[in-house]
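>>> here you go, sequence then predicted model.
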Amino acid sequence: MKVGLAGTGWRAQMYVRVMKALGEEFEVSAVYVHSESSREREEKNFPGKVYTDYDEFLATKPDCVVFMLKYGAALPFAEKAMEQGIPVLCETPPAATVEELQAWYQAKEKYNGKVQVAEQYCFQPYYQALIHMIDQGKLGTISNLDISQAHDYHGMSVMRRLLGTGMENCRITARTYDFPVNYHCGREGLHKGEKTIVDTRKRAEFVFPDGKVGFFDFAGEQYFNYFRTRHLTLQGDCGEVHDQQAAWLGQDGYPVQGSIQRDELGQYSNLEGYGMRSLRLNGEILYRNPYADRDLRLTDEEIAVAQMMEGMKTYVETGKEVYPLEEALQDTYLFLMMDEAAKEGKEIQTQDQCWKKQ
């Protein structure tokens, strides 16, 4: 599939790495950048394929355009692609305000646009394992989730998927807190911790009409900081998962306990090379890495991105959706309402939006 790439930042670079790893499935056929200096830099990576004129970029007729632009900037560019019938994959979040979210949906409806959003979190192996357990009924009826693993719209995506709340409205309360923490790791990598920064922690409750509750708790440093780890607790009436530990009701009516373990290669004198083959619970395979047999050594995040790109390819070819625009709009809407609840210091009741199908 010929991919037009709009944007060349940190996130775009990850997508390029994954597409290269997937081999002949994908070709970055054109790259759009906003400045001449960016064009000169990217020409080294994509000789003869870099454009500063967006119309010329679209004129190359890619099979889809992947937008990796800054927060809230993609819509006017995506509209032009939709108008020309070119499928769109937009990085999260698609917009920065409720009005912009509505404009995205209106543009899709106006042009009958083919739009998906690169919300990859639920494709990560751990979440896929949890989804498998839920689908099995191993935990019974899910009632609540305490998630401290992903920020804002990513957290909303995981919360809605694991709770199974779909487009349901909810009541939201939220607060933010500032705490000092030593800074020693970020996108630039691990380094000496020579300064203390202020890390803002956001806590919120999402109460749904059927009694399900999502407890959200996240601080920006949790992705990289060794002193701010991530955690998750998922509870049903017949079981619980807390991080890697699980407990559920066995067939004999008695509780069973176990741990979700990674089947890792390349350790303890194993010479197969480093990689993850599967996730198991007491020997049962909950998740099998679809790229392990292809000898692709990908991180969990790269696996999720690969699944997103292959899902986009299927969408372009068949129309089967990988992550619909409407789902991403709802994720972002809930995150915006959470921020409003924290800012206003009062409970927010969400409302049906134009993208909710009746």
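Noted; the coordinates are in hand.

>>> which stretches of the stretch 101-250 of the chain form strands?
Assigned strands in the stretch 101-250 of the chain, in chain order: 115-118, 142-148, 171-186, 189-207, 213-219, 231-236, 239-242, 245-249 (criterion: DSSP state E, counting those that start in this stretch).

>>> any idea which of those is most buried?
Mean neighbour counts were taken over the strands of the stretch 101-250 of the chain using mean count of other C-beta atoms under 10 Å, and the top value, a mean of 24, falls to strand 115-118. C-betas here are computed from N, CA, C, even on glycine.

>>> and that strand, what does it pack onto?
Contacts defined by 3 or more C-beta pairs under 8 Å, 6 or more residues apart in numbering; DSSP states H and E place strand 115-118 against strand 88-91, helix 300-318, helix 325-344.

>>> please work out which of those is packed deepest.
Highest mean neighbour count of these: strand 88-91, a mean of 26 (counted as mean count of other C-beta under 10 Å).

>>> backbone phi and psi for the nearest residue to residue 163 once chain neighbours are set aside, please?
Nearest non-adjacent residue to residue 163, counting by C-beta to C-beta, 6 or more residues apart in numbering: residue 212, 5.0 Å away. In terms of degrees, to the nearest 10, the main-chain angles of residue 212 are phi -70, psi 150.

>>> doesn't residue 156 make contact with residue 218?
No: if you go by C-beta atoms under 8 Å, residue 218 and residue 156 don't touch, sitting 10.9 Å apart.

>>> on that earlier part again, kindly present the strands of the stretch 101-250 of the chain as a markdown table, with separate columns for distance to residue 90 and mean pLDDT.
Formatted as a markdown table, these follow (distance: least, C-beta to C-beta, whole Å; pLDDT from 0 to 100):
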| stretch | distance to residue 90 | mean pLDDT |
| --- | --- | --- |
| strand 115-118 | 5 | 98 |
| strand 142-148 | 24 | 98 |
| strand 171-186 | 25 | 97 |
| strand 189-207 | 24 | 97 |
| strand 213-219 | 23 | 98 |
| strand 231-236 | 27 | 98 |
| strand 239-242 | 31 | 98 |
| strand 245-249 | 35 | 98 |
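
>>> can you list the ones you listed in TSV and add distance to residue 3?
Shown next, in TSV, are those (distance: least, C-beta to C-beta, whole Å):
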stretch	distance to residue 3
strand 115-118	12
strand 142-148	32
strand 171-186	28
strand 189-207	28
strand 213-219	31
strand 231-236	33
strand 239-242	36
strand 245-249	39
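
>>> what's the closest of those strands to residue 6?
The closest of the strands of the stretch 101-250 of the chain to residue 6 is strand 115-118. By C-beta to C-beta, the value is 12.3 Å.

>>> break this structure into its domains for me.
For the chain, automatic domain parsing gives the domain ranges 2-118, 122-299.

>>> the ones you listed: which one's closest to residue 355?
The minimum distance between residue 355 and the domains of the chain falls on domain 2-118, with 4.4 Å, by C-beta to C-beta.

>>> look at the closest one and report the distance between its end residues.
This stretch, domain 2-118, spans 17 Å end to end (C-alpha to C-alpha, to the nearest Å).

>>> could you look up the SS state of residue 285?
Secondary structure, DSSP: H, G, I helix; E, B strand; the rest coil: residue 285 is strand.

>>> excluding its backbone neighbours, what's nearest it?
Of all residues not flanking residue 285 in the chain, residue 278 sits nearest, at 5.1 Å (C-beta to C-beta, 6+ apart).

>>> what do you get for residue 38?
Nearest to residue 38 is residue 8, by C-beta to C-beta, 6+ apart, at 6.4 Å.

>>> any idea how far the one you found is from residue 48?
Noted for residue 8: a distance of 16 Å to residue 48, by C-beta to C-beta, to the nearest Å.

>>> who has more neighbours out of those two?
Under the neighbour definition other C-beta atoms under 10 Å, residue 8 and residue 48 were set side by side, and residue 8 has more, 22 against 6.

>>> and stretch 142-161, how far out from the chain middle?
Centroid separation for stretch 142-161 versus its chain: 11 Å, with C-alpha atoms, centre = their mean, to the nearest Å.

>>> phi and psi next, for the residue nearest to residue 38.
Note on residue 8: backbone dihedrals following degrees, to the nearest 10 are phi -140, psi 20.
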